[in-house]
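**Q** can't give you the sequence, but here's the structure:
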Ligand SMILES: NC(=O)c1ccc[n+]([C@@H]2O[C@H](COP(=O)([O-])OP(=O)(O)OC[C@H]3O[C@@H](n4cnc5c(N)ncnc54)[C@H](OP(=O)(O)O)[C@@H]3O)[C@@H](O)[C@H]2O)c1
């Protein structure tokens, strides 16, 4: 495997992409370098500059910039809207990823791709390991599974990271919605029968950088699970946000059936995390500690 020096990040104006930029760049926009680290150059792009559904444009970009590694955080992430526009969801999450996998194959580029807990149906009662059978129950989940399959079929050295319940300071996510509602409402109702682990996108960005420095350990497509440690429900997450942010808003539990949405969500989304921790020597923070870190620092 060739040495990684030049890294293309797609979809980098989304929340994970912005966390990756923060992890990589100083306030002056220069590359943050650890002592003794090799020089890496990052190319941060989004759909306005580089659309992953345009195979010729991405192939040219990768070739012209001598890219060694693509980190794909581009995705169609509108879970409910996907139910009514499956073609768009599949074209980005399935065909777009197929394009990247084939460019990587032709140009000998390492691929790091982000997938989701929504590839599972949520009927399990113990944490999913990376061999657990997938069975997505939403269009979004099916489209993300199509992306995983494209990479597996291409048989390229690559890492697929499934993550869950991503939040950060950026964009539309559960944390930002709760912080807004905490200021606007005296009480809210949040589903308390879906179990999973909130994941601070800044922690995932750090994990991706750790993986970039250890791609020599990977020779074929491999799936890993990454979430913050611990388990809660959306209601538990909401209560912790209100407590930590010292909001007076009361959070009341409800059943999923009382909050119908176009897309079905898995009732159980907990990952087994030991594979990624061991393979790349990654320490994963507990979700409550990570939330506190984000809100206070
Ligand atoms: N958010 C979650 O809770 C969650 C949970 C599990 C897994 N994931 C996965 O984690 C990854 C990152 O999610 P995120 O929350 O950072 O998503 P996000 O905020 O929606 O960011 C995705 C970015 O990709 C861009 N994009 C869309 N279509 C594109 C295309 N054809 N070419 C290039 N860029 C394109 C989007 O642009 P526009 O905004 O203009 O469309 C957006 O900037 C995704 O793979 C997602 O499936 C997310």
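**A** Nice, thanks for sending it over. Worth saying up front: this structure is predicted, and the values here are computed from it rather than measured. Numbering: from 1, shown residues only.
**Q** these two touch, right, residue 12 and residue 20?
**A** Yes. With contact defined as Cβ atoms under 8 Å, residue 12 counts as touching residue 20 (6.6 Å). Just so you know, the C-beta spots here come from the backbone N, C-alpha and C atoms, and that holds for glycine as well.
**Q** any common contacting residues for the two?
**A** 44, 73 (Cβ atoms under 8 Å, 6 or more residues apart in numbering).
**Q** give me the more crowded residue out of these two.
**A** residue 20 (26 against 23; other Cβ atoms under 10 Å).
**Q** look up how far residue 197 lies from that one.
**A** 20 Å (Cβ to Cβ, to the nearest Å).
**Q** can you get me a residue count around residue 119?
**A** Neighbour number of residue 119 under other Cβ under 10 Å is 27.
**Q** next: the one 10 residues further on.
**A** Using other Cβ under 10 Å, residue 129 has 13 neighbouring residues.
**Q** give me the phi and psi for it.
**A** phi -100, psi 180 (degrees, to the nearest 10).
**Q** over to residue 198?
**A** phi -60, psi 150.
**Q** confidence score at it?
**A** According to the prediction, residue 198 has pLDDT 98.
**Q** what does stretch 133-146 rub up against?
**A** By Cβ under 8 Å, 6+ apart, stretch 133-146 touches 75-79, 82-83, 86, 89-90, 92-94, 97, 115-116, 118-122, 148, 263-266.
**Q** that one: how far from the chain's middle?
**A** Relative to the chain's own centre, stretch 133-146 is displaced by 15 Å; criterion: Cα atoms, centre = their mean, to the nearest Å.
**Q** what comes up buried for that stretch?
**A** Going by neighbour count (16 or more other Cβ atoms under 10 Å), the buried part of stretch 133-146 is 134, 136-146.
**Q** which residue ranges of the stretch 51-200 of the chain form strands?
**A** In the stretch 51-200 of the chain, the strands defined using DSSP state E, counting those that start in this stretch lie at 69-72, 110-116, 158-163, 166-167, 187-191, 195-196, 199-200.
**Q** and the longest one, which strands flank it?
**A** Right, strand 110-116. Taking DSSP bridges as the criterion, strand 110-116 forms sheet pairs with strand 69-72 (parallel), strand 158-163 (parallel).
**Q** ok, residue 241 - how many residues close by?
**A** Residue 241: 24 neighbours (other Cβ under 10 Å).
**Q** which bits of the stretch 1-150 of the chain sit near the ligand?
**A** Taking Cβ under 6 Å from any ligand atom, the part of the stretch 1-150 of the chain that reaches the ligand is made up of 10-11, 13-17, 46-47, 51-53, 73-77, 92, 96, 114, 116, 144.
**Q** give me the contacts around the helix or strand containing residue 207.
**A** Take DSSP states H and E as the rule and residue 207 turns out to sit in helix 201-212. Applying Cβ under 8 Å, 6+ apart, the external contacts of helix 201-212 come out as 4, 7, 15-16, 19-20, 22-24, 40, 69, 71, 112, 114, 159, 161, 163, 166-168, 170, 226, 228, 276, 280-282, 284-285, 290, 294.
**Q** count of neighbours near the nearest residue to residue 200 once chain neighbours are set aside?
**A** Spatial nearest neighbour of residue 200, excluding adjacent residues (Cβ to Cβ, 6 or more residues apart in numbering): residue 290 at 4.1 Å. Using other Cβ under 10 Å, residue 290 has 20 other residues around it.
**Q** buried ones in whatever helix or strand residue 290 lives in, by neighbour count?
**A** Following DSSP H and E, one finds residue 290 within helix 287-296. By neighbour count on 16+ other Cβ under 10 Å, the buried set for helix 287-296 is 287-288, 290-291, 294.
**Q** packing partners for that helix?
**A** strand 199-200, helix 201-212, helix 234-244 (3 or more Cβ pairs under 8 Å, 6 or more residues apart in numbering; DSSP states H and E).
**Q** out of these, which is closest to the ligand?
**A** Closest approach to the ligand among these is made by helix 201-212 (6.4 Å; Cβ to the nearest ligand atom).
**Q** elements contacting the helix or strand just after the closest one?
**A** Later in the chain than helix 201-212, the nearest helix or strand by DSSP H and E is strand 221-226. Judged by 3+ Cβ pairs under 8 Å, 6+ apart, strand 221-226 is in contact with helix 139-154, strand 158-163, helix 274-280.
**Q** specify the angle between strand 221-226 and strand 110-116 in degrees.
**A** Calculated by axes from the mean of the first three to the mean of the last three Cα atoms, to 10 degrees, strand 221-226 forms an angle of 50 degrees with strand 110-116.
**Q** do strand 221-226 and the ligand come into contact?
**A** No. Figure legend: strand 221-226 not in contact with the ligand (Cβ under 6 Å from any ligand atom); closest approach 9.7 Å.
**Q** thanks a lot, see you next time.
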